[in-house]
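J.: turn this into a model:
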Amino acid sequence: MPAKHDINKVGVESSDFPILCETCLGPNPYVRMTKQEFGNECKICNRPFTVFRWNPGAGARYKKTEICNTCAKIKGVCQTCLLDLEYGLPVQVRDAALGRKQDAPTSDINKQFYIQNLEAQMANSADGQVFDSDAANRAGREMLKNMARTDPHYKRNRPHICSFFVKGECKRGGECPFRHELPKENELSKQNLVDRYYGKNDPVAKKILREQAESKGMKAPEDKTVTTLLFLGLPVTTEAEIRASLAGACPFVKPTEVRSLTIVEASHCAFVNFVNRPLAERVAEALSAQNGIEVSGKRAKVVWGRSRPQKGKGPSAAGSASASGSGSVTAV
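T.: Numbering: from 1, shown residues only. Modelled structure (predicted):
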């Protein structure tokens with residue numbers, strides 16, 4: 001718990017044991033740790049905290065806690081890998097499936113105020129939790145259970161790549177404690193710890209959400225001008241109810257970022273057109289993780305729209321439902 005409770009002062013934190021996932025802790029139940037009080041500052045809140053360091057097992061690299069105990073409790077993540085403790089998934093995947101809003105401040109002063117307020121909430125809570133699990137999206141929780149990693153992923157504990165081997169200068173051979181392999185340059189090669197914690201621009205989460213969307217038949221169309229999603233199987237509803245459901249499922253979408261919303265009552269569907277393609281892709285990934293969207297008590301299917309064929313370059317689109325405005329699409 002923090003040593004200082006003044007809301008205007010930066011406190012420090014001391015803990016007796018870290019919050020770790022099974023993978024980071026390692027298979028040895030008798031793992032030995034070193035403990036250093038105020039050994040480093042938290043990568044998130046910048047407060048001094050107790051740093052733990054240990055070796056998960058034979059052939060693994062030494063690991064240490066990267067964020068403080070409080071920040072780990074706020075997000076429900078491991079202090080080292082920053083993955084969700086319940087599902088073993090990135091924060092961005094979990095929050096997309098549960099429809100949680102990312103409202104944490106970025107400035108240092110507001111960050112301290114925000115974290116200390118959450119500390120007070122956890123202290124007054126019976127289970128020490130901040131989020132209301134009963135209000136979470138049930139469909140999203142079922143989806144997370146299916147996506148959850150049930151077995152420890154010990155590959156994360158491997159030693160780092162030997163920089164001397166990359167340069168062709170390592171002379172230790174088999175005695176070298178680091179991995180002798182060349183690094184791979186891909187979308188996963190550049191990861192930021194702060195982005196991973198807040199669930200923003202996490203390449204691992206993006207890959208998981210993209211694969212999940214494609215498995216649900218929601219592969220993004222090649223045409224980058226398509227920014228429309230179709231809600232199929234809707235009950236009798238109104239535009240206001242659809243907007244409210246979208247705001248609840250995807251709280252990161254601002255009302256002004258929905259360019260147009262057209263309801264086709266005869267087909268029980270709606271065309272939702274967004275201001276840009278990245279936002280449409282993010283909404284599609286979030287709704288696929290939630291297994292659709294619930295509107296007026298009924299869960300509707302969500303699919304991508306597709307480009308309307310230009311005249312003289314494809315079959316006629318007559319008879320198919322279409323959305324008005326820029327980036328018009330036809331039903332898939």
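J.: quick one: the helices in the stretch 201-332 of the chain, in order.
T.: 203-215, 239-249, 277-289 (DSSP state H, counting those that start in this stretch).
J.: ranking those by burial, who's on top?
T.: helix 277-289 (a mean of 22; mean count of other CB atoms under 10 Å). C-beta here means a position set from N, CA and C on the backbone, and glycine is covered the same way.
J.: so for that one, mean pLDDT?
T.: For helix 277-289, mean pLDDT is 88.
J.: quick one: low-confidence parts of the stretch 1-150 of the chain?
T.: Where the stretch 1-150 of the chain drops to pLDDT under 70, the residues are 1-12, 101-109, 124-137, 139.
J.: if you set the cut-off to 80 instead, what comes out?
T.: 1-15, 29, 99-143, 146-147, 149-150 (pLDDT under 80).
J.: that older thread, with distance to Gln191 as added columns, please give the helices of the stretch 201-332 of the chain in JSON lines.
T.: Conversion of those to JSON lines gives the following (distance: least, CB to CB, whole Å):
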{"stretch": "helix 203-215", "distance to Gln191": "6"}
{"stretch": "helix 239-249", "distance to Gln191": "27"}
{"stretch": "helix 277-289", "distance to Gln191": "18"}
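J.: so which of the ones you listed is nearest Glu185?
T.: With CB to CB, the closest approach to Glu185 among the helices of the stretch 201-332 of the chain belongs to helix 203-215: 12.3 Å.
J.: how much does that closest one deviate in direction from helix 277-289?
T.: 70 degrees (axes from the mean of the first three to the mean of the last three CA atoms, to 10 degrees).
J.: centre of the chain versus helix 203-215, how much separation?
T.: Computed by CA atoms, centre = their mean, to the nearest Å, the separation of helix 203-215 from the middle of its chain amounts to 10 Å.
J.: mind listing residues that contact it?
T.: Helix 203-215 is contacted by residues 89-93, 96, 143, 147, 187-188, 190-191, 196, 199, 219-220, 284-286, 288-289 when judged by CB atoms under 8 Å, 6 or more residues apart in numbering.
J.: mind checking which of the residues you listed are buried?
T.: Neighbour-count burial (16 or more other CB atoms under 10 Å) applied to these gives 89-93, 96, 143, 147, 196, 199, 220, 284-286, 288-289.
J.: what separates the closest residue to Ser245 other than its chain neighbours from Val236, distance-wise?
T.: Computed as CB to CB, 6 or more residues apart in numbering, the closest residue to Ser245 that is not its neighbour in sequence is Val295, at 4.6 Å. Val295 sits 10 Å away from Val236, going by CB to CB, to the nearest Å.
J.: comparing those two, which residue is more hemmed in?
T.: Val295 (23 against 10; other CB atoms under 10 Å).
J.: I'd say that one and Arg243 touch.
T.: No. Contact criterion CB atoms under 8 Å: Val295 and Arg243 do not qualify, at 10.0 Å.
J.: quick one: distance of stretch 53-72 to the chain centre.
T.: The answer for stretch 53-72 is 21 Å, by CA atoms, centre = their mean.
J.: mind jotting down where the strands sit in the protein?
T.: Counting by DSSP state E, the chain has strands at residues 33-41, 48-54, 63-64, 228-232, 258-264, 269-274, 293-295, 298-304, 306-307, 329-330.
J.: for Asn117, which of those is the nearest?
T.: It's strand 48-54; of those, that one is closest to Asn117 (CB to CB) at 18.3 Å.
J.: among the strands of the chain, which is nearest Ala120?
T.: strand 48-54 (18.1 Å).
J.: strand partners (parallel or antiparallel) of the closest one?
T.: Partners of strand 48-54 in the sheet, by DSSP bridges, are strand 33-41 (antiparallel), strand 63-64 (antiparallel).
J.: show residues contacting it.
T.: Residues outside strand 48-54 that contact it (CB under 8 Å, 6+ apart) are 12-15, 17-18, 26, 31-42, 62-65, 67-69, 79.
J.: ok, back up a step: would you mind finding the most buried of the strands paired with strand 48-54?
T.: strand 63-64 (a mean of 20).
J.: and stretch 220-229, what's buried?
T.: Those would be Ala220, Val226, Thr227, Thr228, Leu229, for stretch 220-229 by 16+ other CB under 10 Å.
J.: how about the last one, what does it touch?
T.: Residues in contact with Leu229 (CB under 8 Å, 6+ apart) are Phe271, Val272, Phe274, Ala280, Val283, Ala284, Leu287, Val302, Val303, Trp304, Gly305.
J.: nothing else from me, thank you.
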